[in-house]
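Engineer: okay, here's the prediction I keep looking at, along with the sequence it came from:
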Amino acid sequence: MEDSSLLYHVEDTIGTLTINRQRVMNAMDMDSINRLSTLLDEIADTNIRCLVITGAGEKSFVAGADIKEMKDMSRAQGENLSRAGNRVMRKLELFQVPVIAAVNGYALGGGLELALACDIRLASENASFAMPEAKLGIIPGYGGIQRMSRIIGQGRAREMVFTARRFDAREALKWGLVNAVYPLADLMPEALRLAATIAANAPIAIMSAKKIMNESVGLELAAADQLEREAFGNCFGTWDQREAMQAFVEKRKPQPFKG
Ligand code: DAK
């Protein structure tokens, strides 16, 4: 699957999606947002077990929404953009298998919001992050305020949104916004290695864990526990669960998981 602004390929049940608008630092225009949405629908029912998202080239993950396209938008067009952007970020967040953002440079505005909608973020040493919207007369509008606050805490998220200042991979790591930082050349191999580790585990268990982690955000502990109980129960009787536990008892390696 390939078009000019998005590249996609699959190897060993791991999908790699590359935002490919290098001319504009991989800034995403309306068309690429819509294409991303369509692509996520198209790959949702394939047999991938993990998805890695990165940006083309060595400078930028995604430098945000396309400012040149946005600058003359009417209110109605702004609303359309917002609707499309919100929908695709949520689609990504709810995507049934884990999504890893391999942040290989600038992750600014909508680009940072895209990374925040992924399950796990890894960064290269040259990664640079910001919510620069306040300098442009707008606010982060793809759910980034909410997601950033949940991931790095209210105090730091407020500081980053109000100051619009850049922060680097080291700060992002310290705050837990990214899980690890690598030299640029190692970023994709490490992202694929992490994806392979996830992909080797029981797919139904992984999808189920992701689903309840999403659904339990904002719930009382008792309600979240209830979700966890049901999901836990649903894992029993699957081929994967039977085989993995039987293999443990028989002191042998389990056969590969089937999902
Ligand atoms: N949009 C359009 N073009 C961009 C771009 C962007 N976001 N970022 C870079 N480019 C273009 C540059 O204009 C330049 O094009 P030419 O001048 O060559 O035609 C080319 O990419 C190379 O950029 P530079 O020459 O500037 O390269 P540098 O290495 O010097 O700097 C940079 C790279 C990424 C630091 C710099 O380009 C930059 O600061 N870019 C702007 C980053 C930014 O402010 N991003 C946030 C955009 S606001 C919404 C929800 C969310 C959003 C919007 C609406 N709704 C709910 C409605 C999101 C908003 C944003 O993301």
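Structural biologist: Happy to help now that I have it. Residues are numbered from 1 along each chain as shown.
Engineer: how about the helices in the protein?
Structural biologist: Assigned by DSSP state H, the helices in the chain fall at 30-44, 67-70, 75-94, 110-116, 144-152, 154-163, 169-174, 184-200, 203-215, 221-235, 239-249.
Engineer: the third one near the ligand anywhere?
Structural biologist: Yes: Helix 75-94 lies in contact with the ligand when judged by CB under 6 Å from any ligand atom; the contacting residues are Gly78, Leu81, Ser82, Gly85. No exception for glycine: its C-beta is placed from N, CA and C like everyone else's.
Engineer: most neighbours among these, which one?
Structural biologist: Within the residues of helix 75-94 next to the ligand, most neighbours by other CB atoms under 10 Å means Gly85, with 24 neighbours.
Engineer: nearest residue to the middle of this protein?
Structural biologist: Centroid check for the chain by CA atoms, centre = their mean gives Cys118 as the closest residue, at 1.6 Å.
Engineer: the nearest residue to that residue once chain neighbours are set aside: neighbour count?
Structural biologist: Excluding the flanking residues, the one nearest Cys118 by CB to CB, 6 or more residues apart in numbering is Ala101, at 4.0 Å. The number of residues packed near Ala101 is 28, by other CB under 10 Å.
Engineer: surely Ala101 and Leu114 touch.
Structural biologist: Yes: if you go by CB atoms under 8 Å, Ala101 and Leu114 touch, sitting 7.1 Å apart.
Engineer: show me which residues of the stretch 101-250 of the chain are close to the ligand?
Structural biologist: Near the ligand, when you scan the stretch 101-250 of the chain using CB under 6 Å from any ligand atom, you find Tyr106, Leu108, Gly109, Gly110, Pro132, Glu133, Leu136, Ile138, Gly141, Tyr142.
Engineer: show me the residues you listed that map onto strands.
Structural biologist: Mapping those onto strands (DSSP state E) picks out Tyr106, Leu108.
Engineer: which of the residues of the stretch 101-250 of the chain next to the ligand count as buried?
Structural biologist: Using 16 or more other CB atoms under 10 Å as the burial test, these include Tyr106, Leu108, Gly109, Gly110, Pro132, Glu133, Gly141, Tyr142 as buried.
Engineer: check those and tell me the two furthest apart.
Structural biologist: Pairwise distances across these (CB to CB) peak at 18.5 Å, for the pair Tyr106 and Gly141.
Engineer: ok, the closest residue in space to Leu177 that isn't next to it in sequence - contacts?
Structural biologist: Excluding its sequence neighbours, the residue lying closest to Leu177 (CB to CB, 6+ apart) is Ile152, at 5.3 Å. Ile152 makes contact with Met160, Trp175, Gly176, Leu177 under the criterion CB atoms under 8 Å, 6 or more residues apart in numbering.
Engineer: and if you look at Lys210?
Structural biologist: By CB under 8 Å, 6+ apart, the residues touching Lys210 are Gln96, Val97, Pro98, Asp119.
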